[in-house]
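Novice: Sequence and predicted structure are below.
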Amino acid sequence: MANSKLYKGSLNTIILKLLDEGGRMYGYEITQKVKEITKGELKITEGALYPALHKLEAEGLLVVEVAKVDNRLRKYYKLTEQGVKEKTNRLVELEDFIRNMEQLVNPKWTIN
Amino acid sequence: MKLGQNQLDVIENYLNWKELVQVDLKNEVLDHMANSIEDRMEEDEVSFSMAFKDVVVIWEKELSNYSSPLIGLLFSGPKMLIYKCAKELKRIYLRTGVIALLITILFTILSRKFDNTLFLEFSRNLFGYAYFLAIGIIVILHFAIRRTKTKSSFSYLFKTQAVGFGFFYIIHF
């Protein structure tokens, strides 16, 4: 995807949605999941992912669990109760936004 | 293909060289880089050093030396660390700003109700004691953080901001 800026405003919602579906996930796993779902069209950069994860954690929407995997420490993120509620709200907002954009890009004309 | 301890050490040494020594960030970046290298070695069938070079290029921007006016231009570090600390600091400033505003309003109202000179003296003493109490807590925290020997983004924030707070009251007079 040439213009990843279009996704930027939705990154937090994408993260919340993935964590809701995947339970607990670590940073690299999130980037790979997005790549897989979008068939490589969308690549979340490291520079965007971690600030977003840390912000959501600071807001109390995510909680962190650390586990030792393959001789190294892995930081897993999962939704808090507040995070689950917030995910629902943000998904509704995103769906409304997509619907409005669709109306603007492909308006359906009607004759009154 | 899983990385061995020597290969993980190479990544860790690189992160230490980039001054990303704060455990909360370093472990996360190390794991991400290691995963990325493992996938490249498996999918592209390249050696560890080749994959490592590719991954270093991707992380170059996030680990480049950076400073923020919010933290202080004298302090610099990896962009990822400075960015996280600056965001946290913004939240702290906002919170303390609101609290300071509420206290100011409260004291303005009280100073009008009571005798002005006496009240001013009382409030100056109160703030003086509160300030020295805060300095005492900062000194205790400073030694407690030093004793853990673990560096985190919060200890970095503490180190860069606590000294400034120490001079705050002196400048006031």
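Specialist: Arrived safely.

Novice: Going along the chain, name the helices of chain A.
Specialist: A:5-8, A:11-22, A:27-37, A:46-58, A:81-105 (DSSP state H).

Novice: What's the mean pLDDT across the fourth one?
Specialist: I take that to be helix A:46-58. In this model, helix A:46-58 carries a mean pLDDT of 92.

Novice: now swap in the last one and tell me
Specialist: Mean pLDDT, computed over helix A:81-105, is 90.

Novice: If you count neighbours, what's buried in it?
Specialist: Within helix A:81-105, the residues that count as buried by 16 or more other C-beta atoms under 10 Å in any protein chain shown are A:83, A:86, A:87, A:90, A:94. C-beta coordinates here come from the backbone N, C-alpha and C atoms, glycine included.

Novice: on that earlier part again, which one of the helices of chain A lies closest to chain B?
Specialist: helix A:27-37 (4.1 Å; C-beta to the nearest C-beta).

Novice: buried set for the closest one?
Specialist: Buried residues in helix A:27-37, defined by neighbour count with 16+ other C-beta under 10 Å: A:27, A:28, A:29, A:30, A:31, A:32, A:33, A:34.

Novice: got a list of what the fifth one touches?
Specialist: Residues in contact with residue A:31 (C-beta atoms under 8 Å, 6 or more residues apart in numbering or on different chains) are A:43, A:44, A:46, A:49.

Novice: quick one: the second one and residue A:7, what's the gap?
Specialist: Distance of residue A:44 to residue A:7, given as C-beta to C-beta, to the nearest Å: 8 Å.

Novice: shared neighbours, the two?
Specialist: Joint contacts of residue A:44 and residue A:7 (C-beta under 8 Å, 6+ apart) are residue A:14.

Novice: Please say which of those two ends up with more neighbours.
Specialist: Each of residue A:44 and residue A:7 has its neighbours counted (other C-beta atoms under 10 Å in any protein chain shown); residue A:44 has more, 22 against 17.

Novice: Make sure the more buried one is actually in contact with residue A:10.
Specialist: No. Using C-beta atoms under 8 Å, residue A:44 makes no contact with residue A:10, being 11.0 Å away.

Novice: Look up the closest residue to the spatially most central residue of chain A, ignoring the ones flanking it.
Specialist: In chain A, the residue lying closest to the centroid (C-alpha atoms, centre = their mean) is residue A:14, at 1.8 Å. Nearest residue to residue A:14 in three dimensions, chain neighbours excluded: residue A:34, at 6.7 Å (C-beta to C-beta, 6 or more residues apart in numbering or on different chains).

Novice: Can you give me every residue that contacts the one you found?
Specialist: Neighbours of residue A:34 in contact, by C-beta under 8 Å, 6+ apart: A:14, A:18, A:42, A:43, A:44.
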